[in-house]
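Enquirer: model the following, please.
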Amino acid sequence: MMHKLARLMAWMLVVALVVVTLAPIGMRPAVIENANIERALAYALLGFLFAVGYPRHRFLAFAVGVAVAAGLEVGQVFTASRHGRVPDFMVKAVAAGIGVITAWVFAQLYARLTRQRLHPGE
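Expert: Numbering: from 1, shown residues only. Next up is the predicted model:
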């Protein structure tokens with residue numbers, strides 16, 4: 001159940017990122033003052049959700065995060081009020097990786113706690 005919910009949320013976040021990234025700059029919502037922090041949080045969440053949603057395919061989850069970031073940066077080149085930039089892409093790609101790694105760490109901790117609960121003396 002958790003994997004399906006994470007998948008749904010991940011794909012919904014992709015749609016939201018497409019909308020806010022390719023919309024005219026005046027329509028872009030600003031949640032945080034610093035755009036790099038906002039980018040990093042969005043793509044870390046994206047990487048995290050894909051890694052939770054597809055736990056056996058973490059490298060692919062990272063690749064999807066990087067592909068979404070690259071595609072949207074390229075897409076900005078074709079919009080009138082936006083611009084695609086390599087530094088923005090780098091922030092997004094690294095953040096997606098951090099999200100995937102965070103999901104992996106949580107999965108390891110959860111597995112360890114579950115083993116301890118099932119086998120308390122080990």
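Enquirer: how about the helix or strand where M90 lies: buried residues?
Expert: For M90, the host element (DSSP states H and E) is helix 86-118. For helix 86-118, the neighbour count (16 or more other CB atoms under 10 Å) marks 88-89, 91-104 as buried. The C-beta positions use only the backbone N, C-alpha and C, and glycine is treated the same way.
Enquirer: what about the residue nearest to P24 when sequence neighbours are not counted, neighbour count?
Expert: In this structure, P24 finds its nearest non-sequential neighbour in S81, 4.7 Å apart by CB to CB, 6 or more residues apart in numbering. The local packing of S81 (other CB atoms under 10 Å) involves 11 other residues.
Enquirer: what's the helix or strand for the residue nearest to V94 when sequence neighbours are not counted?
Expert: Among residues not flanking V94 along the chain, A40 sits closest, at 7.7 Å (CB to CB, 6+ apart). According to DSSP H and E, A40 maps onto helix 35-53.
Enquirer: list the contacts of that helix.
Expert: Residues outside helix 35-53 that contact it (CB atoms under 8 Å, 6 or more residues apart in numbering) are 2-10, 13-14, 17, 30-32, 58, 61-62, 64-65, 68-69, 88, 91-100, 102-104, 107.
Enquirer: kindly provide the whole-number mean pLDDT of stretch 4-22.
Expert: Averaged over stretch 4-22, pLDDT sits at 96.
Enquirer: CA atoms of it as CSV?
Expert: Extracted in CSV, the C-alpha atoms of stretch 4-22 (Å, rounded to 0.1, in the frame of the first residue of the first chain):
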residue,chain,number,x,y,z
LYS,A,4,1.5,2.5,-4.4
LEU,A,5,0.8,5.7,-2.5
ALA,A,6,4.5,6.8,-3.0
ARG,A,7,4.3,6.1,-6.7
LEU,A,8,1.1,8.1,-7.1
MET,A,9,2.6,11.0,-5.1
ALA,A,10,5.8,10.8,-7.2
TRP,A,11,4.0,11.0,-10.5
MET,A,12,1.7,13.8,-9.2
LEU,A,13,4.8,15.7,-8.2
VAL,A,14,6.2,15.3,-11.7
VAL,A,15,3.1,16.8,-13.1
ALA,A,16,3.3,19.7,-10.6
LEU,A,17,6.9,20.3,-11.4
VAL,A,18,6.1,20.4,-15.1
VAL,A,19,3.4,23.0,-14.5
VAL,A,20,5.4,25.3,-12.2
THR,A,21,8.6,24.9,-14.2
LEU,A,22,7.2,25.7,-17.6
